[in-house]
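Trainee: okay, sequence plus prediction incoming.
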Amino acid sequence: MNHSIQIRQMKSEDIEVVCEVFTEHGINKPKEYVHTYWEENEKGDRITLLAFYNGQFAGSLHFLKKSSYPYFSENNIPEINDFNVIEPLKRLGIGNRLMDAAEQIAKEQYGIVGIGVGMHFYYGPAQRIYAKRGYIPDGKGVTYHHQEVMPGTMVYADDDLVLYMTKNLK
């Protein structure tokens, strides 16, 4: 059977299906959040890429032209952010196709791209994918709420404990 993966930029009419599918699969993306990132797309601050598998919405990622992570922001490094593929469609190449599209945008406009990944077990598959794709740590260590974690500091191993990495696309 030949399966089809399409990647394209989000349109306003996609808001409902994104919310519905993410909710069905336990990915917490409230409608207000989706509307906010759609508005950022309209302003040109963000590019939201959507993946469709055999015509059905399968996942998304965001390309932030200006990262909220200080090191990326100060060094004009765009960020791949909020990357999700719904569970039944993982390991079909959808995530890699989304990453390919985001990296192509970054290559054309910046020559480099950054990404952050959580440090607990839930993010293990993402950590492996990013390493296989050539991302390397930015040398700043792990961060918590975008701030470098200093030796001896106590932090929670939650979604805000992040290692940021970059990939040179030149």
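Mentor: Good, I have the coordinates. Residues are numbered from 1 along each chain as shown.
Trainee: could I get the buried residue list for the longest helix along the chain?
Mentor: What stands out as the longest helix in the chain, according to DSSP state H, is helix 94-109. Going by neighbour count (16 or more other C-beta atoms under 10 Å), the buried part of helix 94-109 is I94, G95, R97, L98, M99, A101, A102, E103, I105, A106. Where you see a C-beta, it was placed from the backbone N, CA and C, and this is true even at glycine.
Trainee: tell me the pLDDT of H35.
Mentor: According to the predicted model, the pLDDT of H35 comes to 89.
Trainee: not counting its neighbours along the chain, what's nearest it?
Mentor: I15 (6.6 Å; C-beta to C-beta, 6 or more residues apart in numbering).
Trainee: thought the one you found was touching V34?
Mentor: Yes. Between I15 and V34 a contact is recorded at 5.4 Å, counting by C-beta atoms under 8 Å.
Trainee: more neighbours: which of the two?
Mentor: Taking neighbours as other C-beta atoms under 10 Å, I15 and V34 compare with V34 leading, 19 against 15.
Trainee: how near is the more buried one to D45?
Mentor: Relative to D45, V34 is positioned 15 Å away (C-beta to C-beta, to the nearest Å).
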